[in-house]
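S.K.: Here's a sequence, model it:
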Amino acid sequence: MKVSRREFVAMSGAGAFSLAAVEAESPLARPMRWAQLAFVEDDPKTFDLGFWMDYFRRIHADGACLSAGGCVAFYPTQIPFHYKSKYLGGRDLFGELARACKKQGMVVLARTDPHAIHEDAAKAHPEWVAVDAEGRKRRHWAHPDYWVTCAMGPYNYDFMTAVTREIAERYEIDGVFSNRWAGHGICYCDACREMFRAYAGGLELPRTANPQDKARRAYLEWHDARLFEIWRRWDEEIRKVRPAARFVANSGGGALSDLDMKTCGELAAFLAADRQARRGLMAPWAAGKNGKEYRAALGEKPVAGLFSVGVEEPYRWKDSVQVEPELRVWSADATANGMRPWFVKFRADVEDKRWMPVIEKIYGWHYRNEKYLRNVKPLADVGLVYSQQTAKFYGGERARARVEDHIEGWYQALIEARVPFEMVHDRLLERAAGLRVLILPNVAAMSEKQCAQVREYVRGGGNVVATYETSLYDEWGVRRANLGLADVLGCDYAGRVEARMQNSYLRIEDAAHPLVRGIAGTPRIINAAARVDVKARGTVVAPLTLIPSYPDLPMEEVYPREARTSIPQVILSEFGKGRVVYFPGDLDRTFWEVMAPDHGLVLANAVDWAAGGKRVVDVRGAGLLDVTVWRQAASATVHLVNLTNPMAMRGPYRELIPVGEQRVTVTWPGRPAVRKVTLLSSGAAPRWNQTKEGPVFVTVPSVLDHEVIAFDF
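M.R.: The predicted model follows:
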């Protein structure tokens, strides 16, 4: 069972990863703990350099993002209309702090924010100002003394290029991080109209959000092309002066992201996933989800998890702070999902200091355990696909409900089932090659190439779980005559989508089937809210069949007109060497909407059935835990993030509530011999043993917020 370090690093497929190679390309790969100070205009009056440098030392921050220019310059800029803080006087606030951070061995990013300008600049350069659909120049929505800039035109392309170059020439920086650089909606200024007409063969800028409108479709393409042109321009200007430095765009995300994440991953050396805090009904795993989405595009490149110590939406109380339990769980889930912590503090004059010892505690733990947090590769073997083209060309204005809700339903179901998983970008499906199961959550818009990639994945032994209208549309959102993956899914489109089913049910035909494991004492469960009418290919033994909708009022009419049909609502099949599960209904989206436990069980059971009952990590015990699994250069880790809390789905957390004993079984790829097992949060040496067959059994006595099981080989 003993393996060499080289064999261990190469285990699970993709070969060794060289962090040194990435660091050689850009120093931005080096920092493990980032600190950001977002200055406000009056900070130069009271800024205490010693206070902040002492704090950066105490928290072991090795990267800093510091406000430099854009809306307000915090250095003595020489560029006309680059507004300097009226409190700057003779100071160089950015320069003072950047030099001190460099002296302390930190990597430094200069932050710019080009989204707004002052009155004098707007009068001198009206072409810099964004224009709305009615032809009116746009005042800033939050501060009427500012004007909103056009992201596509000469302001970004020329003026902000000059600002970026000036900062790179004057200061020893490792990159420029630009916030709010990509605009706020469609701009109808003369420059945008002319550029778009040239790009789109004379078409005018769209006045509709309908993705099937010819101009709208062309705009979505042009939008990305122009912003990536600006990204490349800024990156080139920085590297002319400082070859190792890079432009870092504050852009990206998942299916609803404006910019194409595949291209972001190609251009970026490093990105920060800006998910600052929870708001509304956001789940506590949302920070980790963002990390998975970025990693799906960036691959092995580092990603930081940018979070604010201040209170976020909807009212943005930036000068007050979040409570400790919320900060701890939010940052823990980001860390567990492979991101390096990056806190941001708005305003350098600190009034509410309650956040400071919390960050010191979080960063101190991170520093002490850094060798176990320099991850090489996730070892999860389940992939959840997200599709930006489905969001843009199928979802349109309803993309959150038609696309993102399906993804979040699956995400919640997998968290509840404690299934470690990764995200997969639909334009990078080749990266699914090492995964055991690929989940397609209503990936409706798929090209022929993407269908072929999934087909070959399953034919070669991969397993797929798909839902609802997956592959029913081409990549532009145009409906096909049949499912693009009809052969793989084992059925054909029957010509109808039932978009809203009221009071419909799933009849359990086989109570012993693995798909309904955990559901007992009932012959039926609630159905999804919508379904695609399909006809199965060949004979199908379906464990779940349709009980059609029947009246829910008046009460006297609430009884099924058809108590049983032969219409399958899950199609289980084999294709090539792989297994396939297809739900014609929107079971994932319905689960996210109503949170019916039966739906979560069925979704998780479908993944287990497709995987043949195999999991890399199996965790048994009470509570809601996010489970992730990683390898490092000479070790591996399993993260257990305890999300169990009455405020789990409606923050902030008031307190941390520990869960009891967790029994963990890990089956490492390659079955290396384990030398030592440590719990990094409690510091305890837990009970553990390894069988001759390779699985490792570990008992974790309890988890407060975040426990990491470290395995040395």
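S.K.: Let me see the contact set for the spatially most central residue of the chain.
M.R.: Of all residues in the chain, the one closest to the mean position by C-alpha atoms, centre = their mean is residue 290, 1.9 Å from it. Counting by C-beta atoms under 8 Å, 6 or more residues apart in numbering, residue 290 makes contact with 253, 254, 273, 275, 305, 334, 339. For every residue, glycine as well, the C-beta is placed using N, CA and C.
S.K.: In strands, which of these fall?
M.R.: Among the contacts of residue 290, the members falling in strands (DSSP state E) are 273, 305.
S.K.: how long is stretch 237-245 end to end?
M.R.: 10 Å (C-alpha to C-alpha, to the nearest Å).
S.K.: what's it in contact with?
M.R.: Stretch 237-245 has contacts (C-beta under 8 Å, 6+ apart) with 25-27, 161, 164-165, 168-169, 172-176, 246-247.
S.K.: if you set the cut-off to 6 Å instead, what comes out?
M.R.: For stretch 237-245, contacts defined as C-beta atoms under 6 Å, 6 or more residues apart in numbering pick out 27, 161, 164, 165, 168, 169, 174, 175, 176, 247.
S.K.: Can you add secondary structure and give those residues back as JSON lines?
M.R.: Below are the contacts of stretch 237-245 laid out as JSON lines (DSSP: H, G, I helix; E, B strand; the rest coil):
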{"residue": "27", "secondary structure": "helix"}
{"residue": "161", "secondary structure": "helix"}
{"residue": "164", "secondary structure": "helix"}
{"residue": "165", "secondary structure": "helix"}
{"residue": "168", "secondary structure": "helix"}
{"residue": "169", "secondary structure": "helix"}
{"residue": "174", "secondary structure": "coil"}
{"residue": "175", "secondary structure": "strand"}
{"residue": "176", "secondary structure": "strand"}
{"residue": "247", "secondary structure": "strand"}
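S.K.: Separate out the buried members of the residues you listed.
M.R.: 27, 161, 164, 165, 168, 174, 175, 176, 247 (16 or more other C-beta atoms under 10 Å).
S.K.: Among those, which pair sits farthest apart?
M.R.: Using C-beta to C-beta, the two most remote members of the buried ones among the contacts of stretch 237-245 are 27 and 161, lying 22.6 Å apart.
S.K.: circling back to that earlier point, among the contacts of residue 290, which are located in helices?
M.R.: Judged by DSSP state H, these include residue 334 as members of helices.
S.K.: which one among the contacts of residue 290 gets closest to residue 587?
M.R.: residue 254 (20.3 Å).
S.K.: Quick check: nearest residue in space to the closest one, chain neighbours excluded?
M.R.: Nearest residue to residue 254 in three dimensions, chain neighbours excluded: residue 293, at 4.1 Å (C-beta to C-beta, 6 or more residues apart in numbering).
S.K.: and that neighbour, what element?
M.R.: Per DSSP states H and E, residue 293 falls inside helix 286-298.
S.K.: how far out from the middle of the chain is that helix?
M.R.: Mean-position distance between helix 286-298 and its chain equals 3 Å (C-alpha atoms, centre = their mean, to the nearest Å).
S.K.: from what I can see the residue nearest to residue 254 touches residue 425, true?
M.R.: No: between residue 293 and residue 425 there is no contact under C-beta atoms under 6 Å: 8.0 Å.
S.K.: Buried ones in whichever helix in the chain runs longest, by neighbour count?
M.R.: The longest helix of the chain (DSSP H) is helix 214-241. Under the neighbour-count criterion of 16+ other C-beta under 10 Å, helix 214-241 has 215-220, 222-224, 226-228, 230-231, 233-235, 237-239, 241 buried.
S.K.: same deal with stretch 421-436?
M.R.: 421, 422, 423, 424, 425, 426, 427, 428, 429, 432, 435, 436.
S.K.: Contact partners for the first one?
M.R.: Put plainly, it is residue 421. Residues near residue 421 by C-beta under 6 Å, 6+ apart: 380, 382, 384, 414.
S.K.: Repeat that for residue 213.
M.R.: residue 206.
S.K.: And residue 578, its phi and psi?
M.R.: The phi/psi pair for residue 578 (degrees, to the nearest 10) reads phi -110, psi 160.
S.K.: ok, it touching residue 458?
M.R.: Yes: counting by C-beta under 6 Å, residue 458 is a contact partner of residue 578 at 3.7 Å.
S.K.: before we move on, back to that, gap between the residue nearest to the centre of the chain and residue 478?
M.R.: 31 Å (C-beta to C-beta, to the nearest Å).
S.K.: residues in contact with the most far-flung residue of the chain relative to its centre?
M.R.: Here the centre of the chain is the reference, and by C-alpha atoms, centre = their mean the most remote residue is residue 556, at 47.5 Å. With C-beta under 6 Å, 6+ apart as the criterion, no residue contacts residue 556.
S.K.: Got the confidence number for it?
M.R.: We note a pLDDT of 95 for residue 556 in this prediction.
S.K.: ok, it to residue 562 distance?
M.R.: For residue 556 relative to residue 562 (C-beta to C-beta), the value is 18 Å.
S.K.: Could you pull out the strands in the stretch 601-713 of the chain for me?
M.R.: For the stretch 601-713 of the chain, the strands defined by DSSP state E, counting those that start in this stretch occupy 617-620, 625-631, 635-642, 662-666, 676-679, 687-690, 696-700, 706-712.
S.K.: The stretch 51-200 of the chain now?
M.R.: Secondary structure of the stretch 51-200 of the chain (DSSP E, counting those that start in this stretch): strands located at 63-70, 107-113, 116-117, 147-148, 175-178.
S.K.: can I get the ones you listed in TSV with mean pLDDT and distance to residue 546?
M.R.: Shown next, in TSV, are the strands of the stretch 51-200 of the chain (pLDDT from 0 to 100; distance: least, C-beta to C-beta, whole Å):
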stretch	mean pLDDT	distance to residue 546
strand 63-70	98	54
strand 107-113	98	53
strand 116-117	98	54
strand 147-148	98	51
strand 175-178	98	52
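S.K.: which one of these lies closest to residue 627?
M.R.: Closest approach to residue 627 among those is made by strand 63-70 (28.0 Å; C-beta to C-beta).
S.K.: what's the closest one packed up against?
M.R.: Secondary-structure packing of strand 63-70 (3 or more C-beta pairs under 6 Å, 6 or more residues apart in numbering; DSSP states H and E): strand 34-38, helix 93-103, strand 107-113.
S.K.: Name the spans of the stretch 101-250 of the chain whose pLDDT lies under the cut-off.
M.R.: Within the stretch 101-250 of the chain, no range satisfies pLDDT under 70.
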